[in-house]
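Asker: Quick one, what's the 3D model for this:
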Amino acid sequence: MSKPKYSIIIPTKNEETTIGKVLSSIPNKLRHHSEIIVADSSEDSTPEIAKLFNAKVIKINKGGKGRAVKEAIKISRGGILVFLDGDGTDPSAYIPMLLEKLKGCNLVLGCRDLSKTKDKTTKIFFMIYKYGFVNLFLRKFRKMGPDVSDPLAGFRVIRKRDFNKLDIRSNNFEIEAEMNAKALALDYKINAVPIPIKLRDGGIFGSKLLLNPKELAKIIANGFS
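Answerer: Numbers count the residues shown, from 1 in each chain. Got it, this is the predicted structure:
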C-alpha cells in the first residue's frame, strides 16, 4: 500500500463485543485511502478480532487512552488523523462528513445531537450532560462555537501537523479536554458535525470515564475558566 492519506486511530480496552462492528462499518472508499491502527490494552480477544479486519494492532502496556493515541500517532503515516472510539458509539459512516468539513478548519468534532435520537432515556442523559456537566464545568469550551455541543467527543479529525503543534501530554481520558484547550490557545478554527447519540454496551454506567473520578477532575481542570 502506498502512503495512506488518513490514519484512523482506535484506542481499545476490552472491546471484543464491538470492535468488529466498528471496523466493518468504516466505509470501503475511505478504507482504501487509510491505515487503521488499533492501540490496544485489552485482556480479552479485541486485538485478535481487530487483526481479522486487517487493522494494525500495537500493544499498550501502560497508561490509558491518551498514551494509546499518542503511541499510535508515532507510527502513523497519514497526513490526516481520524480518532474513533472502539466501543461502537461513534458512527463510522460520518467520517467522510467530518473530513469534508476539515477542509475549512483545523479541528472537527463529531458531536452527539439531541435531534438525531428518539430514545427518551438517551435524550435525558445527554441533556444532563450538555446542560449540566458541560455548561457548569466546561465553560472554557463554549468558545469552540455553538455547534460544538459535545466538546469531549472522542470522534474527531485533525491534520497531523496541527496535532503535533498541540504538544499533548495527557496519558488518560483527559486527552480530548487538553486538545480542546490547546487548540483554543492556538486560535485553531474548530467546527462540528452532528451525529446520532449511541450509548456504549452496558449503558451509561458502563462508561470507563464515569468510573474514574480522578480523570473527571482532570477534564474539569482543562475546561474550567
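
Asker: alpha carbons only for contacts and neighbour counts from here, please
Answerer: Will do.

Asker: Surely V193 is within a strand?
Answerer: Yes. With DSSP: H, G, I helix; E, B strand; the rest coil as the criterion, V193 is part of a strand.

Asker: Would you confirm that it contacts L98?
Answerer: Yes. The criterion here is C-alpha atoms under 8 Å, and V193 meets it with L98 at 6.3 Å.

Asker: More neighbours: those two, which one.
Answerer: For V193 versus L98, the count of surrounding residues by other C-alpha atoms under 10 Å is larger for L98: 23 against 20.

Asker: any idea how far the helix or strand harbouring that one is from the chain center?
Answerer: Assessed by DSSP states H and E, L98 sits inside helix 95-102. Centre-to-centre, helix 95-102 and its host chain are 14 Å apart (C-alpha atoms, centre = their mean, to the nearest Å).

Asker: just checking, next helix/strand downstream of it?
Answerer: strand 107-112.

Asker: what helices or strands is that following strand leaning on?
Answerer: For strand 107-112, the packing partners by 3 or more C-alpha pairs under 8 Å, 6 or more residues apart in numbering; DSSP states H and E come out as helix 95-102, strand 156-159, strand 190-195.

Asker: Show me what the helix holding L98 is packed against.
Answerer: Helix 95-102 packs on strand 107-112, strand 156-159, strand 190-195, going by 3+ C-alpha pairs under 8 Å, 6+ apart.

Asker: can you tell which of these is closest to N172?
Answerer: Of all the helices and strands packed on helix 95-102, it is strand 156-159 that lies closest to N172, at 16.7 Å by C-alpha to C-alpha.

Asker: What helices and strands are in contact with that closest one?
Answerer: For strand 156-159, the packing partners by 3+ C-alpha pairs under 8 Å, 6+ apart are strand 80-83, helix 95-102, strand 107-112.

Asker: what is the rounded mean pLDDT of that strand?
Answerer: What strand 156-159 shows for mean pLDDT is 98.

Asker: Show me what the next helix or strand after it is in contact with.
Answerer: Toward the C-terminal end, the helix or strand that comes next after strand 156-159 (DSSP H and E) is helix 160-166. Residues from elsewhere that reach helix 160-166 (C-alpha atoms under 8 Å, 6 or more residues apart in numbering): G78, G79, I80, L81, N106, M179, K182, A183.

Asker: my read: the fifth one touches I158, true?
Answerer: Looking back up the chat, that one is N106. Yes. Taking C-alpha under 8 Å as the definition, N106 is a contact partner of I158 at 6.1 Å.

Asker: Those two: which has the busier surroundings?
Answerer: I158 (22 against 19).

Asker: For the more buried one, give me its contacts.
Answerer: I158 neighbours (C-alpha under 8 Å, 6+ apart): I80, L81, V82, L102, N106, L107, V108.

Asker: Kindly recompute the last result at 10 Å.
Answerer: 79-83, 98-99, 102, 105-109, 164, 190 (C-alpha atoms under 10 Å, 6 or more residues apart in numbering).
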